[in-house]
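Q: starting from these lines, generate the structure:
(chains A and B)
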Amino acid sequence: MTKAVGGAFPAPPAPETKAHAMTKPVLTEAPVIRRPTAVRPRTKRPAEPHKPGERSRVGLFFVAPLVLILLALVGFPTVASLWYSFTNVTVGSPGTFVGLANYIALFGDQAFIDAVSNLVLIIGVSLLIKFLLGLTVASLLNRPMRARGIWRAIVILPWAMPGFVAFMGWKLMFESRAGALNQVLGWFHLHVDFLASPELARMSVVMATVWRGFPFWVIGILAAMQTIPKELYEAAEMDGAGPWRRFTNITWPGIRATVSVVAVLSAIWTTNGFENVWLITQGGPSSATMTFPVLSYLDLTNFQLGSASAAAMITLPLFVLLILWLGRTGGKEYK
Amino acid sequence: MIKRRLVVATAAAVTMLIPLSGCSAGGGLGAQSPAPTRTSSVDPAVEKAAKDFKGTFTYWTGLTFPDEGNKIEQQQIEQWGKDLGIDVEVVAVNQNDTSKRVAAALQSGSMPDALTVGYDLSKVMAAKDQLAPLDDSYKAIGEKHQGWFEPIDKATTDPSWGGSVYGIPLGFFGNILFQRQDLLKAKGITDAPKTWDEFADDAAKITNAPKVYGAGLALSNVLDGNLMTAVMQSFGGRVADDAGQKCTIDSPETVKFLDWVSGLYKKGVIPPDSVTWDGAGDNNAYLSGAAGFIVNTGSVYLSMADQDPELEKKSAYGTLPSGPAMTVNPVDIRYRVVPSSTDENGKILAQDLFKVLAEDDYNSEYMAKATYGPVLKSQASYPIFTDTPAYAALLTIAQSGGTPPAFPDVANTAYSEYQNTFSTPHMIQRVVTDGLSSQKAAAEAQVNCQKIYDKYTK
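A: Okay, the predicted model is just below:
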C-alpha cells in the first residue's frame, strides 16, 4: 500500500499488483497528493433541479391509486376487524360497543389457553423443524450434483400444492386403519392411532405443517447461499477452515438476513394457518390442537363477528413485534 | 449412473404420490336426461313478475352426493327460467360452507334471490328477520302432494319460528343405522338392536380391534359428532329447560350417558381416532370394513351401491335405537328459503320455483340421485323409497320414527349455537381424551352451555 501524504496534482498510479501475485510488491516512495483546489475539471452542468416538493407531488400522484387500493383492501378490513373485536356485532346486525368483553371472555376459555400453548407446541416446533430441514436441504441443493434442477423442483412441490389437497392427503395417511402410514407400520406388526391422543395429534399436525412449509425455507436459504462468493469458501479452505467454521464464518453471516425474513413470514403464515389444523383434527381431540384461526372460525359459524374478530386479532401484537424486530435487525444486516 | 437416476426418479414419484395416496375415487356419473318442462300452468302474477324482473335470478343450491343429483336440480331450475323467459344463475354451494357464504353475502349485501339452507341456519336467519315468510306456498305445496310428513310439519310450523313458515322443506338428512349383518350373524345376532344398551352389547361382540370396531360413532367436532346430542337426549339428558333459556345439561342422566359412551370408547369398541374424524370419518370406516355399525345418511349406501356391491349385500339398515328415556331420531331438514332482501318480483318467482321443484315427476328422479329423506307424503310411493332398503329406512323415519330437530329440547338460536360449537362431542372428548370424570365434564359443559344461552336471553 502507498501512503498518501498530500500534493498539488494526482500522481501517476503506482504499479498494479495482483492479489495473488507470488512476487512481493515493490515499495516505492509515496507521491504527494493534494486535493485539487485551483483548477476544477469541467463537468457537464446538471439538469435544473425541480422546485422543492414538485417531484414528490408528482410521485405521490402516481402512487396514489395504489395506496388507495391498498388502504381499501388491507387497511379497511384490519381496522374493521379491530373495531368488531370491541363490539358484539353479529352478521346482519350492527351490535354495540362492549369494550374488552370479547377478550375477557376469550381469556376465560380453556380453548384459548390451549391455543396459547399451541403457539409454542405446534407453531414454535414447526418453525424450528422447518428451519433445520430448510437449511439442510438448501445446503444439499447448493452443492454440485446431477439433475439438480429436478431435485429443486421436487422439493418445491409440497409448497406449490394447494393446501387443501396437501392436508387432506396427510389426514388420509394418518387414518387409523386404511392410512398409508399404518399400512407401512402393519408390515412390522405395529399400529399407531396418530390422531387419537393429544400428543400424537399435535405431532401429526406439526409433521404435515412442516412438510408443506419447509420448501419456502429451502428456496429462501438457497437463494441467499447462491449470493455468497465461492472465492470466500476457496480462501477459507486454503486457510484450513473446516465445514463448521466455513458455515459459522461465511454461510451463516451470508444467509442470516434472509433467514430472519423467512422466519418472520413463516411465523405469520403458520400462526394464521387454518387448513393444517381444521382438515386434520378440527382443533381436537378435545382442544389439544386448537389454534386462534380455528377458534375464530368456530365463532364465525355462529355469526358472532365480535368474538370471532377478537380471536383473530389476539395475535396481531405478536406480528407487529415480529415485523418491528425484523425492521430493526434486518435493516442493520443489509447495511 | 443408471442407479442414481433411478433413485431420483423414484424419489420424484414418491413425493408426487404422497398427497394422492389417501384419495379415494369418486363415483361415475351416468348420462343425464333433459329436465322436464313445467306441467303446471303459469299463474298470471308469476308471468307479470317474470316480465318485470330485472337482472338474473340467482339460486344457491346445496351440493348433495352424488353429483348426478346436483346436475338434475340445476337443469330443472334452468328449464324453469327458460319457460318463464328469465335469466337464471345456479350456484352450487358445499353445504358445509353455506353459513360462511351467507354470512359474507349478508355483510356485503349480495344475497341470492333464493337458496337452500339447513335447519339451524334458517332458524338463525329467521330470528334476525333475514328471511321472507312463505306460509301460503308451504300450505299450497303440502295440499297438492298429500300433505307434509308429521316430523317435518312439526319442525317447520313450530311456534319457535315466531308464527310464520320461513322455508319450504326439500328433504332431510336422516340417521340410518348401518349394520354389518354378516359380522352380527357370525356372532349369532339376528335382530337389529332396539336399545342403545343392546347396540353396545352387539358392537362389543363384533369388535376385533384394530381391524374392526363395533361402534363407528363420530365423537369429533363435526356435524356427525352432534348425533351424540340425540343419544344423550334419549338417555334423558337435556341441553336446556322447557323454556329454552336455562341449561340443564349437568344432570344424572347426562352423567349416565357419558359413562355409557366413555365406557364403549375405553373398551375399544369405538375407534380411538373417532375423536378427530372429519365428516367422512364414519363413512370411510364403514366402507373400508372397519366398523360394524355406523349412523349415517344415505350417502354411504350410494357409495356402496356404486363401488362395493358386496358390502351392500352384507349390510342391513334401520332406525336409531331407543335410550332408557325415549327414542330420539332427529331429522335435519333442508329448506328452500327466500331472503328478505329479494325484491317483490323475485319473491313471487322464487315461490313459483319452489312449487315446480316440489313436482313429483322431477322429485322422483332427483331424490333417487340425492341423499335426502322424503318430506311430502306423495314421495312415499317413489321407487327409491319403496325398493331400496337404506332409503326405505329414511321413509320409516319420516313416517314414524323421526323427531323434530332439537326434540325434546327447544329448537331456538341458542340451541343451534350449542350444536354448531359441537358442545356434546367436546364434553365427551373431555372425558375420553382429557381424563375428566363424567361429573366434572357435565359440570363444565353446563357452564359453557349457559354462556351460550345467556347471549340470547339477556
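
Q: am I right that B:Ala350 is in a helix?
A: Yes - according to DSSP: H, G, I helix; E, B strand; the rest coil, the state of B:Ala350 is that of a helix.

Q: surely it touches B:Asp113?
A: Yes - if you go by Cβ atoms under 8 Å, B:Ala350 and B:Asp113 touch, sitting 5.8 Å apart. C-beta coordinates here come from the backbone N, C-alpha and C atoms, glycine included.

Q: now do the shared contacts for these two.
A: With contacts taken as Cβ atoms under 8 Å, 6 or more residues apart in numbering or on different chains, B:Ala350 and B:Asp113 have B:Phe57, B:Tyr59, B:Val338, B:Thr342 as neighbours in common.

Q: grab the nearest non-local neighbour of the last one.
A: By the measure of Cβ to Cβ, 6 or more residues apart in numbering or on different chains, the closest residue to B:Thr342 outside its immediate chain neighbours is B:Asp113, 4.8 Å from it.

Q: need phi/psi at the one you found.
A: phi -70, psi -30 (degrees, to the nearest 10).

Q: how close does the residue nearest the centre of chain A get to A:Asn276?
A: Central residue of chain A (Cα atoms, centre = their mean): A:Val262, 2.0 Å from the mean position. As for A:Val262, its distance to A:Asn276 is 18 Å (criterion: Cβ to Cβ, to the nearest Å).

Q: for B:Ser400, same thing?
A: 45 Å.

Q: please say which of these two ends up with more neighbours.
A: Higher neighbour count among B:Ser400 and A:Asn276: A:Asn276, with 26 against 12, using other Cβ atoms under 10 Å in any protein chain shown.

Q: what residues are up against the more buried one?
A: Neighbouring residues of A:Asn276 by Cβ under 8 Å, 6+ apart: A:Gly163, A:Phe167, A:Val205, A:Ala208, A:Thr209, A:Arg212.

Q: can you tell me the element it falls in?
A: helix A:275-278 (DSSP states H and E).

Q: give me the next element, helix or strand, following that helix.
A: Following helix A:275-278 in sequence order, the next helix or strand is helix A:292-300 (DSSP H and E).

Q: residues in contact with the residue lying closest to B:Pro425 once chain neighbours are set aside?
A: The shortest distance from B:Pro425 to any non-neighbouring residue, by Cβ to Cβ, 6+ apart, is to B:Gly225 (3.5 Å). Listed by Cβ under 8 Å, 6+ apart, the contact set of B:Gly225 reads B:Ala218, B:Leu219, B:Trp277, B:Phe422, B:Thr424, B:Pro425.

Q: could you pull up phi and psi at B:Gly225?
A: phi -70, psi -20.

Q: and B:Gly216, by the same measure?
A: phi -90, psi 60.

Q: my guess is it meets B:Pro271, correct?
A: Yes - between B:Gly216 and B:Pro271 there is a contact under Cβ under 8 Å: 6.6 Å.

Q: give me the helices and strands touching the longest helix seen in chain B, please.
A: For chain B, the longest helix by residue count, based on DSSP state H, is helix B:438-457. For helix B:438-457, the packing partners by 3 or more Cβ pairs under 8 Å, 6 or more residues apart in numbering or on different chains; DSSP states H and E come out as helix B:252-266, helix B:413-420, helix B:423-432.

Q: chain center to the first one: distance?
A: Read it as helix B:252-266. 25 Å (Cα atoms, centre = their mean, to the nearest Å).

Q: anything in that helix near chain A?
A: No - using Cβ under 8 Å from any Cβ of the partner chain, helix B:252-266 stays clear of chain A, with a minimum separation of 9.9 Å.

Q: tilt between that helix and helix B:438-457?
A: 120 degrees (axes from the mean of the first three to the mean of the last three Cα atoms, to 10 degrees).

Q: where does pLDDT dip in chain A?
A: A:1-53, A:330-335 (pLDDT under 70).

Q: in it, what residue comes closest to chain B?
A: A:Leu172 (2.1 Å; Cβ to the nearest Cβ).
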